[in-house]
Structure formats: structure tokens, C-alpha cells
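Chemist: quick one, structure for this:
(one chain, ligands or ions: 2)
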Amino acid sequence: MTLVTELRLRRVLDSRGNPTVEAEVTTESGGFGRAAAPSGASTGEYEAIELPAEEAIAAARERAVPRLEGQVYAGDQRSVDRVLREADDTENFGGIGANSAVAISMAAAKAGADMLGAPLYQHLGGAFRGDEFPTPLGNVIGGGEHAADATDIQEFLAAPVGAPSVADAVFANAAVHREVHDVLAERGIACGKGDEGAWAPSIDDAEAFEVCEEAVSTVEDEVGFEVGFGLDVAASELYDGDAYQYQDGERTLDEQVAYIADLVEEYDLVYVEDPLDEDDYDGFADLTDRVGDRTLVCGDDLFVTNTERLSTGIERGAANSILVKPNQIGTLSDAFDAIELAVEHGYAPVVSHRSGETEDTTIAHLAVATAAPFIKTGAVGGERTAKLNELVRIEENA
Ligand SMILES: C=C(OP(=O)(O)O)C(=O)O
Ligand SMILES: [Mg+2]
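Modeler: Numbering: from 1, shown residues only. Ligands and ions are numbered 1, 2, ... in the order given. Modelled structure (predicted):
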């Protein structure tokens, strides 16, 4: 019944105005799924390859479409994703592009769910999924590769860890975002927004910590539950192969570990993503040793949603959390495998958007399906609220 009868691919816009790949899967009995690939700016060196959209579409039309149409069942996600890998025939989706692969993989999942008449999270998570919901991490101040002339640290993330519901958490993050703007205005600082909708003021990291702390504490008083904050340092972007380069000077490898450990202590950070370079497993292990009992040390560029890199991290005690971006690895099956391996070893999976996004809501369903404790998908902006509002709807209906 879920035999794929038609697979269409087209170019659509992402939130940065760049072309990205959208896929539509139709099945024999009329099941339908549509999904679009996101795109990163601070991409990890070991990510699957994103090809220019036109090139990815042409390659997938030639190599993947004939292997899927009339051959594979959309409800059998593992088969769809295996065929995508066979059609690609490289280690990193350099053949058809991870953007084509992930769009097709997610569209097939949606077509499979449509055939069952079930929401996507239920199709992916099954009947015994449980009833846990992810806490959203909301980007409220940012710079790095996402905004010029702003903070060195890429993301300051509101983390409403005490929220009684997803809806409360989503609104708390939006309130922190608003409050950050008010605090900046009081200080006479005008600013625009970065790629993910976070404020991108021309201030240094030290001032951003002050602003964030003040905004979070005001909102915490208003809502009456615990709201903390965390970071995505995106440290590979600061590392020049020798030291970490900040506006206020450089930090050696040891200094960087000590600096982050101090920040965790001083601001009671609940989450620290990519605090060190993507090749520095030892540094991650050292930091995890120091602060891993108090905070999540998350690997994004370090692990790139890849089970081999995660296995290395597990062996070496590097990090205690993994960021999960389906387009970093290319298929939903691979993303599921990374989550499963992480959970098995006590690593917290954090399902994540990319800085370039679309209205696609698959990651909201993926986070619920896998009972991921966190989802990182911004605080405001249409392509971000698409996921947040979907979480609110899922929570109401689940
Ligand atoms: C979402 C992120 O940014 P990008 O999509 O640019 O990699 C990130 O680094 O976690
Ligand atoms: Mg990151």
C-alpha cells in the first residue's frame, strides 16, 4: 500500500533566501509526504555533503528516483534510506547530496504516516512511545557565523528547564527574546537579528552574558518556573589550529577548557554546545570530567550525528550529549541510529534545526518520537515557530 509511485524534487527557498531541495513522495494508495532540506552556515568538517540544490536534484533524479519509484515502500523507512545510500554510493552523500537525501527520507516518512492516518511522531515513534516532550532551547542572542559584527559565541540559548509544558516553555523563550531586546534598549544598544532570529548586537561576549542573565532572571520571576540558559560556542569557528581567537584576545586549548568551566560555574549554564574544536576529543573529555555532572556538554561539529564519531566520543568520555541534525548525516534512519546509540550510553540527544531553515516541521516530530529531552529550534521567526507551534499542537493532541 505504501509503494512509492512518484517522487518529485524541486528547488524552493530557505530562510536565508538560498535555494534548497524539496521532495514530494506519493504512494500507490494516495499517501503523500512533502519535506525540505535545511542548510547550515557553521557546518562541521565531517558533515555529509550538501550539493548546490540544482546539482543535488539532477543527481537524485538520475540515480535515486528510478531506484525508489515502483520499487520501495514509503512505510519501510530503513529500505528507503538504504536505497538512498546505494544510489549515492559514497561515504558522505557526495553523489546525490545530503540535501536531496534528507528531503526524500523525510518526505517518505511523511507519506508513510499519511497512509496510516497517523501523525508523523507516532509513525516514527510507535505505539509505545511514552509521553515525554522535549524542552526547547531558544536562541536569543547570537553572532559567530550567523551574524556579522556581533558576539564571538554563536548562540546564547534560553533553556526553560522547569517549564510544566512545551507550550509554557515555548512562550517563556519568546518572552526571554523580547526581554533581551528591552535590556539592550535600556543600554542604548540598537541591533538587528541574525540568521536564526536571535538578536545580533555589536557587543562582546561578556556583555551578552550580563544581558542574558538579566533577561532570563526577569522572565523566571514572571513565569514562576526555572529558566536557565546555555551556549553554542561553535568553537571550531574560533579555532585557528593553534588557539581560540576572541575579540578580546586568544585562549590556548587549556585556557579554553578553564574558561568554559568557569562560565558554567558563574552562570549556572545548563547546556554548552561545541565548547571546543571539532577534533579535540581530549578537550571535550577534560571539560566533561570537570562540569559534566552539572551541565550538558554537547557535541555538534564534534559528532555530526555520526555513530562512528559518537562511538569515539563514548570510548573517550568526550561530552555527555549529542546534537542531532538529520541533514548532517543524510537520512532519518541514520539520525535514529545516532539517537539510539546516544541514549544507550547515557548521552542526551538534542534534536536541532539549522541556521538556514524552511517551514518543514519534521524535527519537531523526530524529537517527540524519540523522547529527546531537548530540541534546539530558535525562539522566533516563521521557520522557527513552524516547529515550535507544531510542538504545541503535538502536545495538545498526543
Ligand atoms: C544550528 C547551528 O548552526 P548551523 O546550522 O549554521 O550549523 C549550530 O551550529 O548548531
Ligand atoms: Mg552548533
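
Chemist: before we move on, what SS does the closest residue to Gly299 other than its chain neighbours have?
Modeler: In this structure, Gly299 finds its nearest non-sequential neighbour in Ala319, 4.3 Å apart by C-beta to C-beta, 6 or more residues apart in numbering. Where C-beta positions appear, they are placed from N, C-alpha and C, glycine not excepted. At Ala319 the chain is in coil, as set by DSSP: H, G, I helix; E, B strand; the rest coil.

Chemist: just checking, Ala319 touches Thr295?
Modeler: No. Using C-beta atoms under 8 Å, Ala319 is not in contact with Thr295, being 10.9 Å away.

Chemist: looking at those two, which is more packed in?
Modeler: Higher neighbour count among Ala319 and Thr295: Ala319, with 31 against 25, using other C-beta atoms under 10 Å.

Chemist: got the phi and psi for the residue of the stretch 1-150 of the chain at minimum distance from ligand 1?
Modeler: Nearest residue of the stretch 1-150 of the chain to ligand 1, counting by C-beta to the nearest ligand atom: Gly40, 3.2 Å away. The phi and psi values for Gly40, taken as degrees, to the nearest 10, are phi -90, psi 160.

Chemist: tell me the contacts of it?
Modeler: Neighbour list for Gly40: Glu47, Glu50, Lys325, Asn327, Gln328, Arg354, Ser355, Gly356 [criterion: C-beta atoms under 8 Å, 6 or more residues apart in numbering].

Chemist: and Gly192, by the same measure?
Modeler: Contacts of Gly192 (C-beta under 8 Å, 6+ apart): Ala147, Trp199, Ala200.

Chemist: most neighbours among the residues you listed, which one is it?
Modeler: Trp199 leads the contacts of Gly192 on contacts (other C-beta under 10 Å) with 29 neighbours.

Chemist: go ahead and confirm that residue touches Val140.
Modeler: Yes. Using C-beta under 8 Å, Trp199 is in contact with Val140, at 6.6 Å.

Chemist: shared neighbours of the two, which are they?
Modeler: Contacts common to Trp199 and Val140, judged by C-beta under 8 Å, 6+ apart, are His177, Val180.

Chemist: which residue packs closest to the closest residue to ligand 2 within the chain, ignoring adjacent ones?
Modeler: Relative to ligand 2, the nearest point of the chain is Asp300 (3.5 Å; C-beta to the ion). Distance criterion C-beta to C-beta, 6+ apart; nearest residue to Asp300, sequence neighbours excluded, is Leu323 at 3.9 Å.

Chemist: tell me which element the one you found is part of?
Modeler: Per DSSP states H and E: Leu323 is located in strand 321-324.

Chemist: same question for stretch 11-30, mean pLDDT?
Modeler: For stretch 11-30, the mean pLDDT works out to 98.

Chemist: end-to-end on stretch 155-165?
Modeler: 24 Å (C-alpha to C-alpha, to the nearest Å).

Chemist: is any residue of that stretch near ligand 1?
Modeler: No. In terms of C-beta under 6 Å from any ligand atom, no part of stretch 155-165 sits within range of ligand 1; the closest distance is 6.9 Å.

Chemist: now do the contacts for the residue nearest to Gly299.
Modeler: If you count contacts by C-beta under 8 Å, 6+ apart, Ala319 has them with Phe284, Thr288, Gly292, Val297, Cys298, Gly299, Leu302, Phe303, Gly313, Tyr347.

Chemist: ok, now with 7 Å
Modeler: Residues in contact with Ala319 (C-beta atoms under 7 Å, 6 or more residues apart in numbering) are Phe284, Thr288, Val297, Cys298, Gly299, Leu302, Gly313, Tyr347.

Chemist: quick check: pLDDT value at it.
Modeler: At Ala319, pLDDT is 98.

Chemist: can you show me the helices along this structure?
Modeler: Along the chain, counting by DSSP state H, helices occupy 53-63, 65-68, 77-88, 98-116, 120-125, 166-186, 205-223, 253-267, 281-291, 307-316, 326-329, 332-344, 362-369, 382-397.
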